[in-house]
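Peer 1: Got a predicted model here, sequence first, then my questions.
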Amino acid sequence: MLFANSNMAIWAFFLTVIPLIIVYLLRPKALEITIPSVMFFAQLTQQKKKYAQTLSKIIKDPLFLIQLLVLLALILAIASPFTNESKRISGGHTIIILDSSASMQADGRFGDAISLAEGYLTARNSVILAANVPVIALRGEDVDAAKSLFDRLSRRNTATTTDLYKAIVLGSTLLPAGEGRIIVISDFTNWDGDDPQVAKKLAEADGIGVSFISVSGGENKVAITGGWASDNGGYTCIIKNFMATGVDSTIDVLYNGEKSTHNLRIDPHGSEYFALNNIGAGTTEIVVHPADDLMVDNHASIVVPFQQKQSVLYISDYETTPSATVLKLLPPVDLTIKRPDVVQSINVRDYDCVVVGLCNGSLQQQLCDNLVDYAASGGGVVVMAQEGLLSIDTGRLLPITFTAMANETTLEETLESRVIRDIDLSEIAIGNYLKGDAKQGAVTWVTAEDDTPILSYWRIGGGKVVYFGICDMMGDSAWSDFHTLPEYPIFWMNLIDYLCEAGAIEDCNMQTGLILRFDSKIRVVAPNGETIKTKELLLDQAGVYRLPDRSIAANLYNPKESNLADSGYVAVATDEPEIAEQMIKTIVKKEFDWILLMIALALILVELWYIRKRGEL
């Protein structure tokens, strides 16, 4: 018998059993009164047997023995006793591909898939979760590691589609030609990408055996298969009836702790629109009844961002520059224009964002220092390119160091960002720009041909400073024609929303399966409550994701994935995988802690029964 946690068990013994014995030894005793009698000689004998009688009394107390046995059983369970047993299993390497799409949540399909997968484990095992993006969850591990993974996966609920073709191709790359096998366990209801049979034939051509194992079960009655926001502040959903009979569906709308109920008649295999008008800011949840075996598509979450005026301080010697004109016209922006020489007399922390436009001469060093302090306190700053930046040391303010003035270039997107969403960089002509290099820690979205950052940012404390490398000059002195393009107002709206951590309703409502990429790692709370720190977020759960700057509602919205009746590939049958002829011996750990926990529970029940029998309960 071996113990996995012997040190912890020893500490538990000294912290529980020893105090229990001490408590029984120090229990109050009955008062004894000595009277003169012929028992004088008996008192001398009693003194000698004092400790022996005390120990005898403890041992004879059934309650003490029961409590002692309970503690010993729990301590042994903490020690995690186990034995190593020799077991003959199939040799070789098995790749198990588990379909983790939304339809596998129906009626325990995923649990059945895990149970089937355990029957095909061999000496080495790899597990691939086949969502819309296949993920290697285990690589080349033994049986115990695979079963431990399956135990964790049994509590996982994903709400995406699946790409079995990519998963099989990925599995093939993990196996040398002609070695090992691939087991695909899926409901084969729906998939993205190419036909999985094509990937199966490609793998078999390389000598890798591929078997399809089908799981099924469950009925989907109704589902929300689509949804979108309208321009008038409303939201429209498509609700589909998958049954052969009509249904009077009940729809619950939950917002701010209040619930409203609506009724909708849907014909057999038909779909109907359900519209909500004037949705309030925050999170609204829609629940469609009747309940069925796939509830992930009976729910829809809607996030409407809070709209408020964004107070922007514009620092410039000119009030009619293109950027100032655009910012004045943006509805959510409350613009204040100040000259650089009067900024020192105002509190910049009263503003949500600061934009430094075209200034005469160079920027004052004191202004740069103040903006650094403002950014460090959580503010957002935009500094536009101008010739005066070449003659001043901006210190820690800007994410770029300047070297010289340069002429004519084209722009290239180096990193995706919502700031330049819907902006065609190839349409922007650049005649002049400030040549320079990005500082360490800077994030660059757009560069010139020589890799000079044109649009970049970095963090200072809790805020951000953005360098916008296009000067605000017009006419013959203009550095660019960007201000003449219709995308110019869109750019400024995106940039202010980004710095003020605001977003449009489209940025807060998405379909599951999308991947969001961020400039740096952020902390995200998933719908299941799990906290994730990542630069790339896969929306693989239905519900609301909490980001530092906003919330995002992710919904399935996929009629094919919701349709459990139709098999996406009727030719798929349950193949019996060929078991490897070579059998090898392996060591399997057999644990006994659960037995000890059951014994402890039984003893606790006996203790309660005994206390009740004595009349103390």
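Peer 2: Everything's here; your move.
Peer 1: C-alpha from now on. contacts and neighbour counts both.
Peer 2: Fine.
Peer 1: And the helices in the stretch 501-617 of the chain?
Peer 2: Shown for the stretch 501-617 of the chain, the helices assigned by DSSP state H, counting those that start in this stretch span residues 559-562, 593-613.
Peer 1: same thing with the stretch 301-450 of the chain?
Peer 2: Remark: helices of the stretch 301-450 of the chain, listed N- to C-terminal, are 322-329, 365-376; assignment by DSSP H, counting those that start in this stretch.
Peer 1: Mind telling me which of those helices the model trusts least?
Peer 2: The stretch with the lowest mean pLDDT among the helices of the stretch 301-450 of the chain is helix 365-376, which comes in at a mean of 89.
Peer 1: got the buried residues for that helix?
Peer 2: Along helix 365-376, the positions that meet the burial threshold by neighbour count (16 or more other CA atoms under 10 Å) are 367-368, 370-376.
Peer 1: nearest to Leu20, of the residues you listed?
Peer 2: Sorting the buried residues of helix 365-376 by distance to Leu20 puts Ala376 at the head of the list, at 56.7 Å, by CA to CA.
Peer 1: In contact with the closest one, which residues?
Peer 2: In this structure, Ala376 makes contact with 460-463, judged by CA atoms under 8 Å, 6 or more residues apart in numbering.
Peer 1: Quickly note the distance from it to Leu397.
Peer 2: Taken as CA to CA, to the nearest Å, the spacing of Ala376 relative to Leu397 amounts to 10 Å.
Peer 1: Identify all contacting residues around stretch 470-478.
Peer 2: Residues contacting stretch 470-478 (CA under 8 Å, 6+ apart): 321-323, 357-358, 384-386, 431, 433, 454, 479-480.
Peer 1: Over that stretch, what's the mean pLDDT, rounded is fine.
Peer 2: Over the span of stretch 470-478, the pLDDT mean works out to 88.
Peer 1: Same check on stretch 218-231?
Peer 2: Across stretch 218-231, pLDDT averages out at 90.
Peer 1: How far away from the center of its chain is it?
Peer 2: Its chain's average C-alpha position is 23 Å from that of stretch 218-231, according to CA atoms, centre = their mean, to the nearest Å.
Peer 1: could you dump the helices of the stretch 301-450 of the chain to CSV with distance to Leu20?
Peer 2: Rendered in CSV, the data for the helices of the stretch 301-450 of the chain read as follows (distance: least, CA to CA, whole Å):
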stretch, distance to Leu20
helix 322-329, 75
helix 365-376, 57
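Peer 1: which one of those helices lies closest to His269?
Peer 2: So among the helices of the stretch 301-450 of the chain, helix 322-329 is nearest, using CA to CA, at 48.6 Å.
Peer 1: For that closest one, which outside residues touch it?
Peer 2: Taking contacts as CA under 8 Å, 6+ apart, the residues outside helix 322-329 that touch it are 314, 319, 333-335, 357, 472, 474, 483, 489, 492.
Peer 1: Try it again at 7 Å.
Peer 2: Helix 322-329 has contacts (CA atoms under 7 Å, 6 or more residues apart in numbering) with 333, 335, 472, 483, 489.
Peer 1: now that we have these, which one has the most neighbours?
Peer 2: Counting neighbours by other CA atoms under 10 Å, Asp472 leads the contacts of helix 322-329 with 25 neighbours.
Peer 1: Distance of that residue relative to Asp317?
Peer 2: From Asp472 to Asp317 the distance is 12 Å (CA to CA).
Peer 1: For Gln440, give me the pLDDT.
Peer 2: 91.
Peer 1: Please read the previous query as pertaining to Gln307.
Peer 2: pLDDT at Gln307 comes out at 68.
Peer 1: next one: Ile599
Peer 2: The per-residue pLDDT reported for Ile599 equals 87.
Peer 1: Roughly how far does it sit from Cys471?
Peer 2: Separation of Ile599 from Cys471 (CA to CA): 78 Å.
Peer 1: Settle it for me: which of these two has more neighbours?
Peer 2: Between Ile599 and Cys471, counted using other CA under 10 Å, Cys471 has the larger neighbour count: 24 against 16.
Peer 1: Can you pull the poorly scored residue ranges out of the stretch 201-350 of the chain?
Peer 2: Applying pLDDT under 70 to the stretch 201-350 of the chain flags the ranges 231, 307.
Peer 1: Can you show me the strands along it?
Peer 2: When secondary structure is read from DSSP state E, counting those that start in this stretch, the stretch 201-350 of the chain shows strands at 209-214, 222-229, 235-241, 247-255, 258-266, 271-276, 282-289, 299-304, 310-315, 333-338.
Peer 1: and what of the stretch 501-617 of the chain?
Peer 2: Secondary structure of the stretch 501-617 of the chain by DSSP E, counting those that start in this stretch: the strands cover 509-511, 515-525, 531-538, 543-546, 551-555, 583-591.
Peer 1: what's the most buried one of those strands?
Peer 2: Among the strands of the stretch 501-617 of the chain, the stretch with the highest mean neighbour count (mean count of other CA atoms under 10 Å) is strand 551-555, at a mean of 26.
Peer 1: Within the sheet, what are the partner strands of that one, with directions?
Peer 2: On the basis of DSSP bridges, the sheet neighbours of strand 551-555 come out as strand 509-511 (parallel), strand 543-546 (antiparallel).
Peer 1: nearest to Asn558, of the contacts of stretch 470-478?
Peer 2: The nearest one, if we look at the contacts of stretch 470-478 relative to Asn558 and count by CA to CA, is Ile454, at 39.9 Å.
Peer 1: domain assignment for the chain?
Peer 2: 2-30+37-82+594-613, 92-218+566-581, 223-299, 310-499 (automatic domain parsing).
Peer 1: which stretch among those comes nearest Asn528?
Peer 2: If we rank these by CA to CA, the stretch that ends up nearest is domain 92-218+566-581, at 9.0 Å.
Peer 1: what's the offset of the closest one from the middle of its chain?
Peer 2: Shown here is domain 92-218+566-581, whose average C-alpha point lies 23 Å from the average C-alpha point of the whole chain (CA atoms, centre = their mean).
Peer 1: try stretch 349-368
Peer 2: If you compare the mean C-alpha spot of stretch 349-368 with that of the full chain, they lie 38 Å apart, counting by CA atoms, centre = their mean.
Peer 1: and it, which residues are buried?
Peer 2: Counting neighbours by 16+ other CA under 10 Å, one finds that the buried residues in stretch 349-368 are 349, 351-359, 363, 367-368.
Peer 1: what comes into contact with stretch 255-273?
Peer 2: Counting contacts by CA under 7 Å, 6+ apart, the residues touching stretch 255-273 from outside are 236-254, 283-285.
Peer 1: Please list only the buried members of the residues you listed.
Peer 2: Among the contacts of stretch 255-273, those that count as buried by neighbour count (16+ other CA under 10 Å) are 237-243, 247, 249, 251-254, 283-285.
Peer 1: Most widely separated two among the residues you listed?
Peer 2: Set against one another by CA to CA, the buried ones among the contacts of stretch 255-273 have their most distant pair in Met243 and Thr283, with a gap of 30.2 Å.
Peer 1: now, among the contacts of helix 322-329, which is nearest to Met104?
Peer 2: The shortest separation between Met104 and any of the contacts of helix 322-329 is 45.4 Å, and it belongs to Pro489 (by CA to CA).
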